[in-house]
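1. quick one, what's the 3D model for this:
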Amino acid sequence: MSAKRAIFVAPFGELSEPRVLAQLAAEAEAAGWDGFFVWDHMVYSAPVTHVADPWVAMAAIACATSRVRIGALVTPTPRRRIHKLARETVTLDRLSEGRLVFGAGVGGDAHGEFGPFGEEADMRERARQLDADLERLTALWGGEFQPVPVQQPRIPVWVAARWPNRRPLERARRWDGVFPIDLDGPESLAELVARIEPPPGFDVVVDDVAGTDLRAWEEAGATWCLNGFGNDPRAAAVREVIAAGPG
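-> Predicted coordinates:
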């Protein structure tokens with residue numbers, strides 16, 4: 001089965017304007033792409049200065065589209081209040097009529113997004129918190145909060161895992177998909193897939209595939225291939241890739 005194709009952009013610089021993101025998403029949908037995903041950061045290292053909130057931006061994207069999958073890849077739950085995140089995700093899932101994917105991870109502090117804001121700086125503690133957060137989030141989705149998501153039994157959860165670390169892979173295996181980080185290429189992905197033995201319906205998501213042989217990624221087990229544009233995305237460059245179509 002061919003992997004689904006998506007656009008994956010940082011809401012930085014020119015793309016920190018939510019109307020620009022919404023227009024690009026609408027163009028991607030019209031050109032036949034399967035998804036439109038954004039990064040989730042509070043701040044970023046220089047020279048990046050302009051950063052949009054991905055959740056507000058995704059509301060605009062949801063209203064500008066009707067078919068593509070949407071989501072933030074990935075949201076570090078340890079810097080979020082989980083009950084607030086539950087309300088946001090359900091509202092966005094209902095606004096998009098069931099098109100939201102929830103990407104989750106422990107996050108990193110390379111850009112100063114945890115310690116300087118008084119958030120948990122220890123990676124192991126954030127990992128423990130992520131596990132607790134995901135369990136609590138699904139309980140809130142499951143009926144503790146009303147209304148519930150359009151998607152049942154839950155909004156799909158894709159979990160980031162830094163290859164080849166074992167525990168993040170085990171965590172991802174318990175949910176609906178894995179978003180591997182630091183893959184060397186399709187060979188590493190094939191090894192990852194063999195290690196986790198994904199069940200039917202489990203998504204394996206790879207990014208920065210532009211200019212590579214997509215068949216190799218698909219044969220290695222990818223179910224989603226994302227076109228990334230780095231931390232300095234330009235609207236014209238994104239629009240050019242969108243217009244060329246997913247291939």
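
2. output the contacting helices and strands for the single longest strand found in the chain.
-> Taking residue count as the measure and DSSP state E as the definition, the longest strand of the chain comes out as strand 69-76. For strand 69-76, the elements it packs on are strand 4-9, strand 35-38, helix 54-64, strand 100-105, strand 157-162, judged by 3 or more CB pairs under 8 Å, 6 or more residues apart in numbering; DSSP states H and E. Where C-beta positions appear, they are placed from N, C-alpha and C, glycine not excepted.

3. what's the neighbour count on Phe179?
-> 24 (other CB atoms under 10 Å).

4. hang on, the earlier thing: nearest to Ala132, of the helices and strands packed on strand 69-76?
-> The closest of the helices and strands packed on strand 69-76 to Ala132 is strand 100-105. By CB to CB, the value is 11.9 Å.

5. show the subsequent helix or strand relative to that closest one.
-> The element immediately downstream of strand 100-105 (helix or strand, assigned by DSSP states H and E) is helix 123-139.

6. and that next one, what other elements does it pack with?
-> Other helices and strands packing on helix 123-139, by 3+ CB pairs under 8 Å, 6+ apart, are helix 82-95, strand 100-105, strand 157-162, helix 166-173.

7. cutoff 6 Å now
-> helix 82-95 (3 or more CB pairs under 6 Å, 6 or more residues apart in numbering; DSSP states H and E).

8. now do the helix it packs on against strand 69-76, angle only.
-> With axes from the mean of the first three to the mean of the last three CA atoms, to 10 degrees as the basis, helix 82-95 and strand 69-76 are set at 170 degrees to each other.
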